[in-house]
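A.B. asks: coords below, sequence missing:
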């Protein structure tokens with residue numbers, strides 16, 4: 001019985017192999033063609049791809065990446081990742097050309113002429129996603145960006161596959177970016193791109209994105225895990241090799257043909273277990289796993305029986321994802337066993353088809369591939385999630401709510417429970433779901449009319465936590481008054497929260513429309529805006545379409561229930577009105593405006609050097625939580641009895657203000673005309689550095705040379721010998737602060753510097 005057996009290995013966790021890291025464009029292109037030939041041998045297709053490569057190379061010309069390499073290296077790596085997923089030639093072409101419309105002078109018309117509409121639309125879609133700004137502090141912009149992303153995905157899912165490949169190569173080469181950019185891109189990757197890859201079942205990309213993001217978000221923990229795993233592997237490589245050989249022997253004796261290997265779990269998975277279970281690396285036993293790949297589903301269960309006969313299973317550690325696949329169609333048998341020396345180890349058993357789906361997700365059965373057979377159920381089920389997102393986009397006017405629902409859905413995706421309807425149909429719901437979640441997963445009407453539930457034949461409370469294998473029956477009544485607001489605190493699934501919220505909004509729509517119109521009218525009166533001037537169909541339509549509302553009443557209802565701010569809408573319409581009613585500015589207007597500004601500034605400037613909107617000589621204090629200094633963007637918060645506290649606009653306390661407190665925010669700015677810049681303001685920074693003798697002396701020297709008083713200093717050193725040094729000091733403004741930080745960065749051993757929040 002021939003059997004392929006490989007030793008335990010550490011997979012390539014986000015490190016580009018040395019032969020690829022410094023490869024020339026010609027070498028990378030040759031490698032790309034070899035990969036494509038492996039699964040797509042048509043000569044015509046290769047000729048088209050060569051034309052795309054030459055066009056991209058010529059278009060990018062002498063452009064360089066931050067690494068100093070020719071820019072064409074990046075599109076080539078993007079195309080190589082798509083070829084690893086065995087995508088169609090149009091996707092490969094779009095990967096090669098994905099930056100030409102954004103970074104070169106090539107136009108859409110030229111692209112259509114050269115490569116046709118299909119490839120141009122793919123490139124255009126990726127370009128639009130690249131231009132999106134995922135600033136996590138700007139909720140409105142982020143929500144709009146994500147709405148556009150999902151619309152692009154719905155139009156052609158290949159757009160996001162190309163974008164994922166583009167992001168993966170950018171993450172692999174993130175070491176060439178500034179530290180603050182590394183963190184920003186890594187957070188964006190962890191929050192948006194990695195969960196989307198997971199939802200589409202592409203674990204090959206999701207795993208690497210997670211590991212790379214962790215490397216920059218938690219550098220100390222990442223290094224500890226990498227070093228710890230390598231150290232453990234050195235001591236246990238022989239044990240793992242013997243165990244693989246032993247398992248292979250049992251499988252071979254049973255007459256099952258299999259490919260067996262051992263692998264190290266990816267670093268982010270280990271990190272997540274350490275954090276969630278509050279364990280050290282030494283306490284996590286399933287760092288290594290054995291994977292058995294067989295030919296059929298029957299052989300999966302046959303191999304499982306043999307393994308359970310030869311080794312003792314750990315109770316509660318068996319999962320059958322073949323009978324009950326994950327939502328992204330992942331299938332496999334997982335079991336944890338006690339090894340020969342009492343050491344637990346994990347085994348995963350699957351077919352080659354399941355393995356491809358686990359690695360490549362939707363790309364494994366891509367409907368655009370030629371010569372595909374089957375009904376395409378896998379990709380349809382994966383895209384069903386995308387359809388649900390688009391449904392939310394239509395239903396949810398509140399960008400905060402849309403973002404929260406989306407992030408909740410992405411974050412809770414990995415943990416699901418499996419239960420059954422009375423007819424035996426399988427439902428998978430987020431872990432911790434209740435009968436209310438179950439009811440809304442069947443239909444909105446079932447949830448809205450629900451009055452009780454039976455689980456396994458017995459009546460249960462509506463907050464009962466559904467367990468794997470439960471049989472759930474919903475009791476409904478036409479006399480039900482509908483859901484309760486308390487249900488929102490009980491339900492777990494994003495779908496249920498959305499449908500309950502929609503019910504309440506619909507019930508109160510008329511009241512909210514009137515309330516919204518009244519709020520707009522009052523706002524205009526308070527600001528001296530003539531409502532009839534701006535309430536014209538052309539301005540209303542532009543604003544309505546911007547926020548994706550079907551009609552004006554829906555937008556007004558959103559203002560009424562707090563989803564949108566009336567000032568936000570009025571100011572947008574006012575902007576449109578003023579575009580159409582520009583009047584020429586005379587010299588007299590300029591002089592008068594300057595005079596008004598001077599009078600206003602002098603009357604509203606406090607002794608602290610802060611101008612607060614609409615308040616004279618107001619009591620102002622600087623918040624200790626974010627220590628603003630002149631040059632920072634600031635905002636005022638009206639406190640109870642202590643005047644106005646001034647915060648940086650990126651202060652974590654301001655960003656997380658509850659909605660009812662946001663009305664107390666007030667515009668504030670730095671005075672520029674009273675010599676206030678001579679004052680001193682507290683600032684604090686955290687410095688991360690490789691620990692060495694003399695580093696504190698070097699830092700002190702920089703502060704002394706610049707005549708900056710250090711008020712406080714503390715330091716600690718991690719196990720991986722990285723020092724974190726916190727320094728508080730007095731400074732005049734951001735110019736002086738930026739100069740100081742730049743000087744500190746030039747000190748040997750410095751890794752990163754960031755301003756801290758108190």
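C.D. replies: That came through, no problem. Since the structure is predicted, the reported quantities are computational estimates derived from the model, not experimental observations.

A.B. asks: Residue 636 contacts residue 669, correct?
C.D. replies: No - Residue 636 is beyond contact range of residue 669, at 9.5 Å (criterion: C-beta atoms under 8 Å). The C-beta positions use only the backbone N, C-alpha and C, and glycine is treated the same way.

A.B. asks: Quick check: neighbours shared by these two?
C.D. replies: Counting by C-beta atoms under 8 Å, 6 or more residues apart in numbering, the common neighbours of residue 636 and residue 669 are residue 610.

A.B. asks: who has more neighbours, the two?
C.D. replies: residue 636 (23 against 16; other C-beta atoms under 10 Å).

A.B. asks: Quickly find the element holding residue 212.
C.D. replies: helix 203-217 (DSSP states H and E).

A.B. asks: So what touches that helix?
C.D. replies: So helix 203-217 is contacted by 12-14, 81, 84-85, 164-165, 167-168, 171-172, 174, 182-183, 185-187, 189-190, 193-194, 197-198, 221-222, 266-269, 271, 330, 358-361 (C-beta under 8 Å, 6+ apart).

A.B. asks: Please pick the buried ones from these.
C.D. replies: 13-14, 81, 84-85, 164-165, 167-168, 171-172, 174, 182-183, 185-186, 189-190, 193-194, 197-198, 221-222, 266-269, 271, 330, 358-361 (16 or more other C-beta atoms under 10 Å).

A.B. asks: Just those residues: which are in strands?
C.D. replies: Among the buried ones among the contacts of helix 203-217, none falls in strands (DSSP state E).

A.B. asks: Let's see which of the residues you listed end up in helices.
C.D. replies: 81, 84, 164-165, 167-168, 171-172, 182-183, 185-186, 194, 197-198, 221-222, 267-269, 271, 358-360 (DSSP state H).

A.B. asks: can you pull the buried residues of stretch 218-237?
C.D. replies: 218, 219, 221, 222, 223, 224, 225, 226, 228, 229, 233, 236.

A.B. asks: Turn the residues you listed into TSV, columns for distance to residue 515 and pLDDT.
C.D. replies: As requested, those are exported to TSV (distance: C-beta to C-beta, whole Å; pLDDT from 0 to 100):
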residue	distance to residue 515	pLDDT
218	46	90
219	50	90
221	49	88
222	50	90
223	55	90
224	54	88
225	53	87
226	56	87
228	58	83
229	58	81
233	64	72
236	66	71
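
A.B. asks: Tell me which two of these sit farthest apart.
C.D. replies: Across those, the longest distance by C-beta to C-beta is 25.8 Å; it joins 219 and 236.

A.B. asks: How about the secondary structure of residue 462?
C.D. replies: coil (DSSP: H, G, I helix; E, B strand; the rest coil).

A.B. asks: How much space separates it from residue 447?
C.D. replies: Applying C-beta to C-beta, to the nearest Å, the value for residue 462 to residue 447 is 11 Å.

A.B. asks: So for those two, which sits in the more crowded spot?
C.D. replies: Remark: of residue 462 and residue 447, residue 447 carries more neighbours, 27 against 17, as counted by other C-beta under 10 Å.

A.B. asks: And that one, how far from residue 501?
C.D. replies: The value you get for residue 447 to residue 501, if C-beta to C-beta is used, is 12 Å.

A.B. asks: My understanding was that residue 66 contacts residue 175; is that so?
C.D. replies: No - in this structure residue 66 lies outside contact range of residue 175 using C-beta under 8 Å: 9.5 Å.

A.B. asks: re earlier: and for residue 462 and residue 447, which residues touch both?
C.D. replies: Common neighbours of residue 462 and residue 447 (C-beta under 8 Å, 6+ apart) are residue 436.

A.B. asks: which intervals of the stretch 1-150 of the chain have sub-threshold pLDDT?
C.D. replies: Along the stretch 1-150 of the chain, segments meeting pLDDT under 70 span 1-22, 41-45, 128-150.

A.B. asks: ranges for the strands of it?
C.D. replies: 4-5 (DSSP state E, counting those that start in this stretch).

A.B. asks: all helices of it, in order?
C.D. replies: For the stretch 1-150 of the chain, the helices defined by DSSP state H, counting those that start in this stretch occupy 18-21, 25-39, 43-60, 73-84, 89-97, 100-103, 108-130, 139-155.

A.B. asks: And the contacts of the second one?
C.D. replies: Going back to what we said before, that points to helix 25-39. 20, 23, 45-46, 49-50, 53, 57, 70, 72-73, 76-77, 79-80, 83-84, 86, 89, 92.

A.B. asks: Please repeat the previous calculation with a cut-off of 6 Å.
C.D. replies: The list of residues contacting helix 25-39 from outside it, by C-beta atoms under 6 Å, 6 or more residues apart in numbering, reads 53, 72, 76, 79, 80, 83, 86.

A.B. asks: end-to-end on stretch 499-513?
C.D. replies: 20 Å (C-alpha to C-alpha, to the nearest Å).

A.B. asks: tell me which strands and helices the helix or strand hosting residue 418 is in contact with?
C.D. replies: Following DSSP H and E, one finds residue 418 within strand 416-420. Strand 416-420 is packed against strand 426-430, with contacts defined by 3 or more C-beta pairs under 6 Å, 6 or more residues apart in numbering; DSSP states H and E.

A.B. asks: Summarise which helices and strands the strand it packs on is packed against.
C.D. replies: Using 3+ C-beta pairs under 6 Å, 6+ apart, strand 426-430 sits against strand 416-420.

A.B. asks: Buried residues of the strand it packs on, list them for me.
C.D. replies: 416, 417, 418, 419, 420.

A.B. asks: Can you pull the phi/psi pair for the closest residue to residue 243 other than its chain neighbours?
C.D. replies: Distance criterion C-beta to C-beta, 6 or more residues apart in numbering; nearest residue to residue 243, sequence neighbours excluded, is residue 339 at 6.1 Å. Residue 339 has phi and psi values of phi -80, psi 180 when expressed as degrees, to the nearest 10.

A.B. asks: What's the local residue count around residue 339?
C.D. replies: By other C-beta under 10 Å, the residues close to residue 339 number 17.

A.B. asks: if I look at it, how far off is residue 300?
C.D. replies: 21 Å.
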